[in-house]
Structure formats: C-alpha cells, structure tokens
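> sequence and computational prediction follow.
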Amino acid sequence: MLEAFEPQFHDSIADLPDGPLYLIANEFFDALPIRQFQKGKGGDWHERMIGADGDRLIWGLSPAAPVGALAERTDVTEGQIVETCAPTEAIAGEIGRRIAEHGGAAMIVDYGDWTSFGDTLQALQAHAPVDALATPGEADLTAHVAFGPLARAAAPARASALTPQGVVLERLGITTRAQALARNLGGAELESHVAAHRRLTHPSEMGHLFRMLALTPEGSSLPPALDPGPT
C-alpha cells in the first residue's frame, strides 16, 4: 500500500535527514527494554535479574548497590520496584533535539504514568497474558512508560502536560462525532459502535490507561486538547 509513496525506512531516528520532524509514536516506547530495581533495606537497590534453574528461567535479585539514576526516588519504600528505560531517554533526547532545532512536533500515545512505580512488565501471547519467562521469544513483552524521564530527556523541546487519552478525545469532540454517526446505525452495528467509543474513552478501559504527551519547540503552540506541562 505504501509503495506508491516511495517510503524511506531508517533503522534509527539519528539517521533521518535534518528538517522539521512530525512524529506519532503509538505503543512504541512500551516495547523498549527496561531494567527493574527493588529497594533494599539500607536504601540501596537490588536489580531484578533473570537466572536459570535447570531448564527453567527464574527471577532473582542482585546484591544491593546504589543506582545513580534512582538517587532522588525517596518516594519508594523497602521492597517496592521501579523501572528504568535508558533506550527511551536516548530516543527521546534525539527527538527533542531535532524538534527544538528544526521545528515540528511529536505526539506520544502509550500506557503508563509520569513516574515509574511497581512491576509493570507484561507478556502477551495469542492476546492473553502469559508468564514472561515461560516461552522466551514467543510472547510480546511490554511495560508501562514513565513519561517524566522521557519528557526531561527531550529538553530543550517543550513537553505538554500528560493527559489521559479519553480526556483528549472528548476535548476534540469524539462524543459529538460518535452521536452523529450513531444516527444511521442500528442493531449489532450500533452496539459495536457504542462499544468502540467506550473502549477508547471510558476511564475503566483505554480512556485512562493510555496517556498522551506532546513535544514541541519552545514558544510554539501545543497541539489541540493538550495543556502546558510543568516548567
């Protein structure tokens, strides 16, 4: 389908030619590799690691050690887990640099929150949750995105406030549009239409779990439906 447009594919954002960047990243950052750290008794951290027990893969903990990237996480108590994702920060840094220097905008849509908290690693196979270590290479692995580190890494590009997907879509008029489309539907088609609207916007479904963050050059307007971020 894309052949008529002669698309160009790049292995890295760093390989793109210089110029304005207009980017939509939907469920991209959640697929990048993470590291997990568990708070220890003395304030240091145990990295959660994978080992082998015979033919089985098992979880284990490294000896406690300080982790510079987590030095300010005083909100975490003993035994709790936080996650880091260095590839996210590296990619966000390149995106932010390009937008700040050449213009454009990025819209990032993913599930997560401003700050990492807890074990969010998930493995899905055939659309169902599975043990992440049971069948390595055969399941999709994802983790919640920590948008705060991403936004900070993207400086000097400006980050918007992190906003739930349902709020953004409502501000853009999704309900009015859905009601207009529903007037010509009935029966199973109407039920499917209502279910799709609910899935995208309702807080108990994708409406709250998925969040939106925009990156723009300093001084430019934000995309519609998004508020300014922290300064």
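Yes, it's here.
> CA atoms for contacts and neighbours, from now on please.
Fine.
> distance check, E94 against E83.
Taking CA to CA, to the nearest Å as the measure, E94 and E83 are separated by 21 Å.
> neighbour count winner among the two?
E83 (23 against 17; other CA atoms under 10 Å).
> need the CA coordinates for the helix or strand hosting the more buried one. CSV is fine.
Secondary structure from DSSP states H and E places E83 in strand 81-84. This file holds the C-alpha atoms of strand 81-84, laid out as CSV (Å, rounded to 0.1, in the frame of the first residue of the first chain):
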residue,chain,number,x,y,z
ILE,A,81,10.0,-1.9,42.5
VAL,A,82,10.7,0.8,40.0
GLU,A,83,11.7,0.5,36.3
THR,A,84,14.2,2.4,34.2
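> and whichever helix or strand comes after it, which residues are buried?
Per DSSP H and E, the first helix or strand lying C-terminal to strand 81-84 is helix 86-102. With burial defined by 16 or more other CA atoms under 10 Å, the residues of helix 86-102 counted as buried are 88-89, 91-100.
> that older thread, pairing partners for the strand holding E83, with directions?
Note on strand 81-84: by DSSP bridges, its sheet partners are strand 35-39 (antiparallel).
> residues making contact with the strand it pairs with?
By CA atoms under 8 Å, 6 or more residues apart in numbering, the surrounding residues in contact with strand 35-39 are 45-49, 76-85, 119.
> now the buried members of those.
Buried among the contacts of strand 35-39 (16+ other CA under 10 Å): 45-48, 76, 81-85.
> using TSV, lay out these together with distance to A69 and pLDDT.
Shown next, in TSV, are these (distance: CA to CA, whole Å; pLDDT from 0 to 100):
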residue	distance to A69	pLDDT
W45	11	97
H46	13	97
E47	13	98
R48	15	97
V76	13	95
I81	14	97
V82	11	97
E83	10	98
T84	8	97
C85	10	97
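> ok, so of the residues you listed, who is nearest H10?
Set against H10, the nearest of the buried ones among the contacts of strand 35-39 by CA to CA is C85 (21.8 Å).
> who's in contact with the helix or strand containing V167?
Element membership for V167 (DSSP H and E) is helix 165-171. With CA under 8 Å, 6+ apart as the test, helix 165-171 has contacts from 109, 200-203, 206-212, 225-226.
> ok, of those residues, which come out buried?
For the contacts of helix 165-171, buried by 16+ other CA under 10 Å: 109, 200-203, 206-212, 226.
> can you redo those as CSV with secondary structure and distance to A126?
CSV is the format used below for those (DSSP: H, G, I helix; E, B strand; the rest coil; distance: CA to CA, whole Å):
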residue, secondary structure, distance to A126
V109, strand, 23
L200, helix, 22
T201, helix, 25
H202, coil, 25
P203, coil, 25
M206, helix, 20
G207, helix, 23
H208, helix, 24
L209, helix, 21
F210, strand, 21
R211, strand, 25
M212, strand, 27
L226, coil, 35
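> which SS class is L215?
The local conformation at L215, judged by DSSP: H, G, I helix; E, B strand; the rest coil, is strand.
> that one and A105 touch, don't they?
Yes - here L215 reaches A105: they are 5.5 Å apart, a contact under CA atoms under 8 Å.
> these two: which has the busier surroundings?
Just comparing L215 and A105: by other CA under 10 Å the higher neighbour count belongs to L215, 29 against 26.
> contacts only, for that one.
96, 99, 105-107, 151, 154, 157-160.
> how far does stretch 15-35 sit from the chain's center?
The chain centroid and the centroid of stretch 15-35 are separated by 11 Å, computed with CA atoms, centre = their mean, to the nearest Å.
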